[in-house]
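>>> Pasting the sequence and the predicted coordinates here, then a few questions.
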2 protein chains.
Amino acid sequence: MPEMRKDAITGNYVIIAAERSKRPHDFTLPPEQKKGQSCVFCYGSEDKTPPEVLAVRPCGGPPDSPGWLVRAFPNKFPAVSPDSAIIADGPMDNRVLNAIGIHEVLVDSPGHNDSLGRVSDEQAELVLVSLLKRFQALSGDSRVKYIQVFKNSGAAGGASLEHTHWQIITVPVAPTVVEAEFTGVKQHFRRTGSCIYCQLAENEILEGERIVEATDEFVVLTPFASRFPYELWILPRNHKADFGRVTQQEAKTLGRVLRRTVRRFERAFNYPPYNIVLHTSPIQRGYEIFHWHMEILPRLSVTAGFEWGSGIFINPTSPETAAATLRDTDPQVLED
Amino acid sequence: MPEMRKDAITGNYVIIAAERSKRPHDFTLPPEQKKGQSCVFCYGSEDKTPPEVLAVRPCGGPPDSPGWLVRAFPNKFPAVSPDSAIIADGPMDNRVLNAIGIHEVLVDSPGHNDSLGRVSDEQAELVLVSLLKRFQALSGDSRVKYIQVFKNSGAAGGASLEHTHWQIITVPVAPTVVEAEFTGVKQHFRRTGSCIYCQLAENEILEGERIVEATDEFVVLTPFASRFPYELWILPRNHKADFGRVTQQEAKTLGRVLRRTVRRFERAFNYPPYNIVLHTSPIQRGYEIFHWHMEILPRLSVTAGFEWGSGIFINPTSPETAAATLRDTDPQVLED
């Protein structure tokens, strides 16, 4: 029997409908094949990108040269611009805002065919510490109201280039998705005096059936009202509103946890397309009770007419089944 | 220069970033090829579906036999169920609801390889009148709070079967997407005493640059804050909250307008995947100032990490460019 679940934080509905996974499919998407050709993100192609803004070079060396393990630079085709100018407003109450901001790329491994799940734990630590450094650097600009850190992997995940990378986009507004979460956080806080993410993390550890992994610092779980099959949240157990306040040690631990988590679904689903999305407090006062976290969204299903029309997501895999599968997948195997 | 636009009704932000369309792509998705093999939705396979609930048979004939032009039946793999039972609530404030409802399929042409843009105008009329009849029949059930009518076309549009069809799912709640639109409608009404959709339709006809087609009854336009490239709205010029109150004559006209609109982007983009989504008032009192409409969402881009994280959509094609392209594409050519 299908069941409808309402998310405690956002109020969004999902339908968990295991029956739907049995329907026949005319379309079977072939696994995405990487071309494997070297690209502008590759080691040795540093002159083909805008000048770097960060690089980890253990043996030193000049900027925009080889020798790096992680490298960040402005996106050559930015979605926002530091020079954006205000234009006339639209018809009726449609407003036009300055799309002012910075759009950066962070390449998280020199190897064209590497994946976040297959790099070493030490490399995963470097990646998260580098993301933290760029986050902190960008948050100093008073025009920045939000910093969206995300990773698109695979064509169906929205990546245009296959070489593993992250993106950082700053925007001049607090995004609606974070505002909706914050509304839920505030309501719970007013009623209980506690952070709903903190409570959820501890409660889920006690219940256990949606836990993939729990360490002293982080909980990896499949949310009760999962929109997507194998949707995952990584919740820090130490309450902080703002990712920018994370310590380097916390970022390193997150790197290891994230690598293991990605490795689990790389192995369970043979490198599916996916997105990783940071949720953090907007850069302004008033959001101190927010609780930063990461969402990992494997793209194993297609968001279609029903979801776009209603906002209700149909998910053919229960989060309890998903958590059990991922728990049972060894995240330490680095070779295929 | 990219610009940020805020939708007058929902308050959602989009970034119109034409520069993004110039970036290189490692992944080039091949056009979706239909297998073309007959399926359970085909003429002559009527015994392979659940018993029909509606069929148009110009020359008569028994139910679940050939001779039909349009045919509707319950979905064999439903996302909701009339027998759904309430289960225990989830952890914290996560609620579980009865996923009670009806899930139907409406096959809009007997031919396996037909498309909504290529059928005759008379067939398009039959399709919309049939959808209206099923909508009206389902709205009589007091447990139904919303009827989501939608069409998924192509694998990237979320269709599991390639034979052209629509789906109808009833749900026991008012969906968040419609509630968000209704909030915008109410705010505008309080301030101006008018319906924002009515005003927008007339205003856009006067401005002209986002109009694809305007008849006495309907306006086809690209919304000012388009989330997707070539996103289209069909707004009725006659204010009605509820699609179920549409007359058969209005449904026929909508069928013709919709066929022409679909034909435009079928020709402009060689049969891209797409979704069509009806937005209508929930089936309860208090929504009389809502304005039903249709959204057509060609799936020419991938919703990725930035969109999922922020709710802000990056659209590489301005709606003004999109409208001009579609206006210039002849919708009357039925042969390829």
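Great, that's in hand. None of these values were measured; they are calculated from a predicted model. Residues are numbered from 1 along each chain as shown, chains lettered A, B, ... in the order given.

>>> Please make it C-alpha for all contacts and neighbour counts, starting now.
Fine.

>>> Would you mind listing the residues in contact with A:I168?
Applying CA atoms under 8 Å, 6 or more residues apart in numbering or on different chains to A:I168 gives the contacts A:I102, A:H103, A:E104, A:V105, A:L106, A:I147, A:Q148, A:V149, A:F150.

>>> of all these, which comes closest to chain B?
Minimum distance to chain B across the contacts of A:I168 is 5.5 Å, recorded for A:F150 (CA to the nearest CA).

>>> Starting from B:F290, give me the distance back to A:S160.
In this structure, A:S160 and B:F290 are 39 Å apart, going by CA to CA, to the nearest Å.

>>> Quick check on the contacts of A:I168: which are buried?
Taking 16 or more other CA atoms under 10 Å in any protein chain shown as the criterion, what is buried in those is A:I102, A:H103, A:E104, A:V105, A:L106, A:I147, A:Q148, A:V149, A:F150.

>>> tell me the mean pLDDT for the helix or strand harbouring A:Q167?
Using DSSP states H and E, A:Q167 falls within strand A:165-171. Taken as a whole, strand A:165-171 has a mean pLDDT of 98.

>>> Just the buried residues of the helix or strand following it, please?
Moving toward the C-terminus from strand A:165-171, the next helix or strand (DSSP H and E) is helix A:176-192. Of the residues in helix A:176-192, those buried by neighbour count under the rule 16+ other CA under 10 Å are A:T176, A:V177, A:V178, A:E179, A:E181, A:F182, A:G184, A:V185, A:K186, A:H188.

>>> export the buried ones among the contacts of A:I168 to JSON lines and tack on distance to chain B?
Formatted as JSON lines, these follow (distance: CA to the nearest CA, whole Å):
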{"residue": "A:I102", "distance to chain B": "12"}
{"residue": "A:H103", "distance to chain B": "11"}
{"residue": "A:E104", "distance to chain B": "13"}
{"residue": "A:V105", "distance to chain B": "13"}
{"residue": "A:L106", "distance to chain B": "14"}
{"residue": "A:I147", "distance to chain B": "10"}
{"residue": "A:Q148", "distance to chain B": "7"}
{"residue": "A:V149", "distance to chain B": "8"}
{"residue": "A:F150", "distance to chain B": "5"}
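
>>> before we move on, the earlier item: return the alpha-carbon coordinates of the strand holding A:Q167 using PDB.
Once non-C-alpha atoms are left out, strand A:165-171 reads as follows in PDB (Å, rounded to 0.1, in the frame of the first residue of the first chain):
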ATOM      1  CA  HIS A 165      34.200  19.000  -9.700                       C
ATOM      2  CA  TRP A 166      32.100  21.200  -7.400                       C
ATOM      3  CA  GLN A 167      30.600  24.600  -8.000                       C
ATOM      4  CA  ILE A 168      30.100  27.600  -5.700                       C
ATOM      5  CA  ILE A 169      27.600  30.300  -6.600                       C
ATOM      6  CA  THR A 170      26.900  33.300  -4.500                       C
ATOM      7  CA  VAL A 171      23.500  35.000  -4.800                       C
END
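
>>> Sheet-wise, list the partners of that strand with their directions.
Strand A:165-171 pairs in its sheet with strand A:103-107 (antiparallel), strand A:146-153 (antiparallel), by DSSP bridges.

>>> Next, format those as JSON lines and append distance to B:V302 and mean pLDDT.
Output for the strands paired with strand A:165-171, formatted as JSON lines (distance: least, CA to CA, whole Å; pLDDT from 0 to 100):
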{"stretch": "strand A:103-107", "distance to B:V302": "18", "mean pLDDT": "98"}
{"stretch": "strand A:146-153", "distance to B:V302": "10", "mean pLDDT": "98"}
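
>>> The lowest-mean-pLDDT helix or strand in chain A vs chain B: in contact?
When the helices and strands of chain A are compared on mean pLDDT, DSSP states H and E, strand A:95-98 comes out lowest with a mean of 86. Yes. Judged by CA under 8 Å from any CA of the partner chain, strand A:95-98 and chain B are in contact via A:R95, A:V96, A:L97, A:N98.

>>> Just give me the closest of those to B:S281.
The closest of the residues of strand A:95-98 next to chain B to B:S281 turns out to be A:R95 (CA to CA; 25.6 Å).

>>> Quick check: which helices or strands does the helix ranked longest in chain A pack against?
The residue-count maximum for a helix in chain A (DSSP state H) belongs to helix A:248-269. Counting contacts by 3 or more CA pairs under 8 Å, 6 or more residues apart in numbering or on different chains; DSSP states H and E, helix A:248-269 packs against helix A:121-138, strand A:218-221, helix A:319-327.

>>> Give me the angle between the following helix or strand past it and strand A:165-171.
Sequence-wise, the next helix or strand downstream of helix A:248-269 (DSSP H and E) is strand A:274-279. Strand A:274-279 and strand A:165-171 are oriented at 40 degrees to each other (axes from the mean of the first three to the mean of the last three CA atoms, to 10 degrees).

>>> How far does strand A:274-279 sit from its chain's centre?
1 Å (CA atoms, centre = their mean, to the nearest Å).

>>> Also stretch A:247-258?
14 Å.

>>> same deal with stretch A:266-282?
The answer for stretch A:266-282 is 5 Å, by CA atoms, centre = their mean.

>>> Could you give the average pLDDT over that stretch?
95.

>>> next one: stretch A:38-54
Mean pLDDT, stretch A:38-54: 95.

>>> most remote residue from chain A's center?
A:M92 (35.0 Å; CA atoms, centre = their mean).

>>> which bits of the stretch 101-250 of chain A sit near chain B?
Residues of the stretch 101-250 of chain A found near chain B (CA under 8 Å from any CA) are A:148-152, A:155-162, A:175-178, A:200, A:203-204, A:224-225.

>>> what number of residues lie near A:I312?
A:I312 has 22 neighbours, counted by other CA atoms under 10 Å in any protein chain shown.

>>> And for the one 3 residues further on?
A count of neighbours around A:N315, defined by other CA under 10 Å, yields 25.

>>> Please identify the nearest residue in space to it, excluding sequence neighbours.
Residue nearest to A:N315 in three dimensions, not counting chain neighbours: A:I16, with 5.0 Å by CA to CA, 6 or more residues apart in numbering or on different chains.

>>> For burial, what's the neighbour tally of that neighbour?
By the measure other CA under 10 Å, the count of residues near A:I16 is 28.

>>> Correct me if wrong: it contacts A:F224.
No. A:I16 is not in contact with A:F224 according to CA atoms under 8 Å; the separation is 10.0 Å.

>>> anything in contact with each of the two?
Joint contacts of A:I16 and A:F224 (CA under 8 Å, 6+ apart) are A:R5.

>>> what about the least confident helix or strand of chain A, distance to the chain center?
27 Å.

>>> That one packs against which elements?
On a contact count with 3+ CA pairs under 8 Å, 6+ apart, strand A:95-98 meets strand B:3-6.

>>> and the strand it packs on, average pLDDT?
What strand B:3-6 shows for mean pLDDT is 94.

>>> Output the very next helix or strand once past it as PDB, nothing but the C-alphas.
Later in the chain than strand B:3-6, the nearest helix or strand by DSSP H and E is strand B:13-16. C-alpha atoms of strand B:13-16 as PDB (Å, rounded to 0.1, in the frame of the first residue of the first chain):
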ATOM      1  CA  TYR B  13      13.600  33.500  -8.300                       C
ATOM      2  CA  VAL B  14      15.200  32.500 -11.600                       C
ATOM      3  CA  ILE B  15      18.400  33.600 -13.200                       C
ATOM      4  CA  ILE B  16      18.200  34.300 -16.900                       C
END
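
>>> Strand partners (parallel or antiparallel) of strand B:13-16?
Here strand B:13-16 has these sheet partners by DSSP bridges: strand B:3-6 (antiparallel), strand B:313-315 (parallel).

>>> winner for burial among the helices and strands packed on helix A:248-269?
Neighbour counts (mean count of other CA atoms under 10 Å in any protein chain shown) averaged over each of those peak at strand A:218-221, with a mean of 25.
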